[in-house]
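>>> any chance you can model this:
(chains A, B and C)
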Amino acid sequence: MAAPFDLVLEVLGWIGTAAFATAGALTAARKRMDPVGFLLVAGITAFGGGALRDLLLGLPVAWLRRPDLAILAACFALAVFFLAPVLKRRGMGRARTPRVTLLLWADAAGMAVFAVLGAEAALRAGAAAWVCVLMGVMTASFGGVIRDVVCGEIPLILRREIYATAAAAGAGGFVALEALGAGRPLAVGLGAALAFAIRAAALGRGWSLPVYGGRGV
Amino acid sequence: MAAPFDLVLEVLGWIGTAAFATAGALTAARKRMDPVGFLLVAGITAFGGGALRDLLLGLPVAWLRRPDLAILAACFALAVFFLAPVLKRRGMGRARTPRVTLLLWADAAGMAVFAVLGAEAALRAGAAAWVCVLMGVMTASFGGVIRDVVCGEIPLILRREIYATAAAAGAGGFVALEALGAGRPLAVGLGAALAFAIRAAALGRGWSLPVYGGRGV
Amino acid sequence: MAAPFDLVLEVLGWIGTAAFATAGALTAARKRMDPVGFLLVAGITAFGGGALRDLLLGLPVAWLRRPDLAILAACFALAVFFLAPVLKRRGMGRARTPRVTLLLWADAAGMAVFAVLGAEAALRAGAAAWVCVLMGVMTASFGGVIRDVVCGEIPLILRREIYATAAAAGAGGFVALEALGAGRPLAVGLGAALAFAIRAAALGRGWSLPVYGGRGV
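The predicted structure is shown next:
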């Protein structure tokens, strides 16, 4: 039972890393950076949230022992640098919308995966349930926050659409299912699906929570 | 003697957490965020400085073992979200001045308390005197710096009014009084009072230090 | 052999600290900050990158045990505060160019030194080669990134000129030479010289890497 589940975590980690590296590289593309800039921004996006989680929990920073993940992120960053202009020229680049859209969806996939993986890592480190949920939200969102702050963009989590809420729902769903005895593989899968579904609804249908002063001001 | 002093530290910690959570929530209000945004920004403001201090000193991050403080910060954040519009409608909201004023004073209270608590935590961890003062300044100011950077505001410590100076005076006063044998409870109280008095003077009377190039330009 | 090399590392550490403290103070000057602001921004620039490296590697934060470096940085910060206006009045301040130029060159010197010292510290901690290069880049660039983000400037590494690339070349050159058996003192010297030469060429001749979309857009 343990080995297949470890493989599931592995695959999810690759998906999240690739998705966040792509989102980071697309931000670098908007800023017209050079290849080294692409690598840096992709790496910050993919590994920033996990690094913060590990530091706060007092664990060794995981990705420094994972050259495979670093290479994966680098490949996706350089692929965006070299291939995106080609795709764009072939008609996939009407206006600038597709790039922004791809950025938002790649970011959504990475967020959903990392919310659950972050909560799972905290759970394995023996953290309390509320800390697990918080670490899920941080793993999912802080790489993107650092990316946006460093690049001078408005952080995604500050925009009106649901973002941190989706991550909290996914991480919270995982922790709740696990506590109810659903088994970790099922809890991981359902948690990530929940986070992605909420974020997808926010992106596709414009869902949002009521904001402060939104009623009369 | 130890138990009552621990209680004093506890109460100061609650005051600082509540004040900084309020300041964070008021910043979230200016940005029209949703409730999850209020919780995040309040948490960053209240716990960011202490987390940085603990990481730099190599201590376990204290607030991850303090669900009571997390709940306290969450209550104040949600109270601002739900109650502030009511108060505003009752005439406490002429122009937008009161909200900014409350933000500045809540921030001043949190700064004064956390400057001394940060220095005290560093002293207990065996740090040198200059490191204690620095950790006081960081605990007092970095939560607000991260809040302002993430929210796209100009960090308070960069504005002309005295801010970090007040924190340094409070932390330094605490360390000096403690070294002179004043006893930790007295040193804590006087240090926090000193930091708050200096910051209050800066806010109320526009005190400031001479700035670079201020004389001839 | 060990003792003279330790002295070389010491001297390079002083040079890098002084250069980055100066660059930080010049940024504070552009923002018209007060003396405490100068100290804070100089300290963030000089010690931010090394602190991040130490945290990620799980080492105790080195500069908290180095009051000598803290005093050095403080002296350079205050020297800029008090002396720069005098020099400016004596004709060294035509327009605002000299200040920006000095900032860029001081930053280049600090970057070159810290890229190699950061990689050397990671190597001594037993990190893999690619982690050493990455830690060199982070030590060299993140102090400046935090400085620019906190001060509301566009981070240097995002501008078109080569910056992180120069740090990566210096750190990579050091790691490669060391692996080839060149001896650590020689590898340190050549690595720092390489990083500085590349950055100097970028500053002096406007060298840059091809950027995304640079060809047809």
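
>>> doesn't A:F142 make contact with A:A164?
No - contact between A:A164 and A:F142 fails when scored by C-beta atoms under 8 Å: they sit 10.3 Å apart. C-betas here are computed from N, CA, C, even on glycine.

>>> residue boundaries of the helices in chain A?
Remark: helices assigned in chain A by DSSP state H are A:2-30, A:35-57, A:67-87, A:97-124, A:129-150, A:164-179, A:184-205.

>>> redo those as a markdown table? Include mean neighbour count.
Output for the helices of chain A, formatted as a markdown table (neighbours: other C-beta atoms under 10 Å in any protein chain shown):
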| stretch | mean neighbour count |
| --- | --- |
| helix A:2-30 | 20 |
| helix A:35-57 | 26 |
| helix A:67-87 | 18 |
| helix A:97-124 | 23 |
| helix A:129-150 | 26 |
| helix A:164-179 | 24 |
| helix A:184-205 | 19 |
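
>>> report the contact partners of A:A19.
By C-beta atoms under 8 Å, 6 or more residues apart in numbering or on different chains, the contact set of A:A19 is A:A106, A:D107, A:A109, A:G110, A:V113.

>>> including distance to chain B and pLDDT, could those residues go into a markdown table?
Below are the contacts of A:A19 laid out as a markdown table (distance: C-beta to the nearest C-beta, whole Å; pLDDT from 0 to 100):
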| residue | distance to chain B | pLDDT |
| --- | --- | --- |
| A:A106 | 22 | 87 |
| A:D107 | 17 | 87 |
| A:A109 | 20 | 92 |
| A:G110 | 18 | 92 |
| A:V113 | 19 | 95 |
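
>>> how about low-confidence regions in chain A?
Scanning chain A for pLDDT under 70 picks out the ranges A:1-3, A:87-99, A:158-161, A:213-217.

>>> kindly report the residues of it close to chain C.
A:28-29, A:31-38, A:40, A:51, A:55, A:60-61, A:64, A:67, A:70, A:81, A:84-85, A:89, A:149-152 (C-beta under 8 Å from any C-beta of the partner chain).

>>> 7 Å instead, please
Residues of chain A that fall close to chain C, judged by C-beta under 7 Å from any C-beta of the partner chain: A:28-29, A:31-37, A:40, A:51, A:55, A:60-61, A:64, A:67, A:70, A:81, A:85, A:149-152.

>>> A:G16: which of the contacts of A:A19 is nearest?
Nearest to A:G16 among these, counting by C-beta to C-beta, is A:V113 at 3.6 Å.

>>> if I look at the closest residue to the closest one other than its chain neighbours, how far off is C:A176?
Spatially, and ignoring its direct neighbours in sequence, A:V113 is nearest to A:G16 (3.6 Å; C-beta to C-beta, 6 or more residues apart in numbering or on different chains). Look at A:G16 and C:A176: by C-beta to C-beta, to the nearest Å, they are 32 Å apart.

>>> give me the nearest residue to A:D54, chain neighbours excluded.
Of all residues not flanking A:D54 in the chain, A:V61 sits nearest, at 4.7 Å (C-beta to C-beta, 6+ apart).

>>> that neighbour contacts C:R53, correct?
No - A:V61 is beyond contact range of C:R53, at 11.1 Å (criterion: C-beta atoms under 7 Å).

>>> give me every residue that touches the residue nearest to A:V113.
The contact partners of A:G16, taken as C-beta atoms under 7 Å, 6 or more residues apart in numbering or on different chains, are A:G110, A:V113, A:F114, A:L117.

>>> now A:G183. Its backbone dihedrals?
Here is the backbone geometry of A:G183 (degrees, to the nearest 10): phi 90, psi 140.

>>> what is the neighbour count of it?
13 (other C-beta atoms under 10 Å in any protein chain shown).

>>> how near is it to chain C?
The span separating A:G183 from chain C equals 33 Å under the rule C-beta to the nearest C-beta, to the nearest Å.

>>> next one: A:L190
To chain C, A:L190 is 33 Å away according to C-beta to the nearest C-beta.

>>> that residue is in contact with A:L177, isn't it?
Yes - between A:L190 and A:L177 there is a contact at 6.0 Å, judged by C-beta under 7 Å.

>>> contacting residues for the residue of chain A found nearest chain B?
Using C-beta to the nearest C-beta, the closest approach of chain A to chain B is made by A:L209 at 3.7 Å. Residues near A:L209 by C-beta under 7 Å, 6+ apart: A:I162, A:T165, B:D34, B:P35, B:V36.

>>> please report how far it lies from B:I71.
Noted for A:L209: a distance of 21 Å to B:I71, by C-beta to C-beta.

>>> and for A:E120?
24 Å.

>>> returning to what we had before: the residue nearest to A:D54: neighbour count?
A total of 19 residues lie near A:V61 under the criterion other C-beta under 10 Å.

>>> return the backbone torsion pair for it.
Main-chain dihedrals, A:V61, degrees, to the nearest 10: phi -70, psi 120.

>>> kindly report the same for A:P155.
Dihedral pair for A:P155: phi -50, psi 140, per degrees, to the nearest 10.

>>> excluding sequence neighbours, find me the nearest residue to it.
With C-beta to C-beta, 6+ apart as the criterion, A:P155 has its nearest non-adjacent residue at 4.3 Å, and that residue is A:D148.

>>> which ones are touching the one you found?
A:D148 sits in contact with A:I154, A:P155, A:L156, where contact means C-beta under 7 Å, 6+ apart.

>>> just A:G13 next, same as before
So A:G13 contacts A:L69, A:L117 (C-beta under 7 Å, 6+ apart).

>>> cool, and the one 10 residues further on?
With contact taken as C-beta under 7 Å, 6+ apart, A:A23 is in contact with A:T45, A:L103, A:A106, A:D107, A:G110.

>>> redo that, cut-off 10 Å
Each residue near A:A23 by C-beta atoms under 10 Å, 6 or more residues apart in numbering or on different chains is listed here: A:41-42, A:45-46, A:76, A:80, A:102-111, A:143-144, A:147, A:156.
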